[in-house]
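In: Using only what follows, build the 3D model:
(one chain, ligands or ions: 1)
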Amino acid sequence: MRKTKHIAMFSGGAASAYVAYLMVQTHGLENCLLFFTDTLWEHPDNYRFMYDIADYIGIEFKHVMDTRTPETVFTETRFLGNSRLAKCSSELKVRQTVLFIEELRDEGYEPILYFGIGPHEKHRQENLTEFYAHQPLEPVETRFPLIDSNLKDKNLKEVIENEWKIRLPKMYYLGFSHANCGGRCVRGGLNHYEHLYKTWPEVYTQQEEMENRLREMLGDVTILKRDGSPLTLKQYREELEAGICKKNMNPEDDDTVPCVCIFN
Ligand code: SF4
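Out: Residues are numbered from 1 along each chain as shown. The predicted structure follows:
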């Protein structure tokens, strides 16, 4: 019989931080762990936030990395991630998680994974449950403590800032919808990249240069699409500079497409 280990999946999200806190209140520090899969593209202030949270709760913080960046994954797999498919997520986050699950089982623990999904994202719960049920050798249990709570994202952030006295990651204050991969998420749409260009043009340039390297290798591949057609970051930047950029006909195509990364 394996001993249960409760694991909060964490990449600097306020909701996941609060879930870790609730998990410890219910199951005790010695049975809980905070788990972070590093893509090496994270914003420096995310690390500060994560370690502040771990210190405040007093929870063990397991920080793992594959040693490849998303760009290395795109180069190796000869596929540039985009809003529809991003192998960086499966290679750098899911694979590391599955390896850790199996490592824990070898040590006699049975992990349960906790995610910071709120009531407004309830429709994602089924996808994630199904997803993690099929990745490890044996299915793994997933839990979503915020789904049935009345806590709103805004309330959680207030608790963290005002009661715990921990500053949220800098990217929250700059208006990014999530703080993963330092604003470089290839699953971001036109709105995300417009915001990135206006907020951190140098990071946009990094992405544009990466896209150019991948295009030299693979041909007409792009991170962005507009109305189903490829749109390079160079084209989009030039439109933004000229103040003439067009949006997708279908605004829903501009939403950042959720992947397992943003629920950590
Ligand atoms: S946040 Fe985006 S770029 Fe980073 S690993 Fe996940 S899908 Fe890839």
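
In: just checking, next helix/strand downstream of the helix or strand containing F100?
Out: F100 belongs to helix 95-106 when assigned by DSSP states H and E. Downstream of helix 95-106, the next assigned helix or strand under DSSP H and E is strand 109-114.

In: one step back: hmm, the helix holding F100 touching the ligand?
Out: No. Helix 95-106 lies apart from the ligand when judged by C-beta under 6 Å from any ligand atom; the minimum separation is 10.9 Å. Where C-beta positions appear, they are placed from N, C-alpha and C, glycine not excepted.

In: what's that helix packed up against?
Out: Applying 3 or more C-beta pairs under 8 Å, 6 or more residues apart in numbering; DSSP states H and E, one finds that helix 95-106 contacts strand 32-38, strand 60-65, strand 109-114.

In: got the ones you listed as CSV, with distance to A242, mean pLDDT and mean neighbour count columns?
Out: Converted to CSV, the helices and strands packed on helix 95-106 look like this (distance: least, C-beta to C-beta, whole Å; pLDDT from 0 to 100; neighbours: other C-beta atoms under 10 Å):
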stretch, distance to A242, mean pLDDT, mean neighbour count
strand 32-38, 37, 97, 23
strand 60-65, 40, 97, 15
strand 109-114, 46, 96, 20
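
In: E238: which of these is closest?
Out: strand 32-38 (33.5 Å; C-beta to C-beta).

In: quick one: contacts of that closest one?
Out: Strand 32-38 is touched from outside by 5-11, 20, 23-24, 50, 53-54, 57, 59-66, 92-93, 96-97, 100, 264, with contacts defined as C-beta atoms under 8 Å, 6 or more residues apart in numbering.

In: And stretch 223-243, by the same measure?
Out: Stretch 223-243 is contacted from outside by 80-83, 186, 189-190, 193-194, 197-198, 204, 207-208, 211-212, 215, 220-222, 245-250, 253, using C-beta under 8 Å, 6+ apart.

In: Would you write a PyMOL line that selects the buried entries of the contacts of strand 32-38?
Out: Entered in PyMOL, the line below selects the buried ones among those, by 16 or more other C-beta atoms under 10 Å:
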select buried, resi 5+6+7+8+9+10+11+20+23+24+50+53+54+57+59+61+66+92+93+96+97+100+264
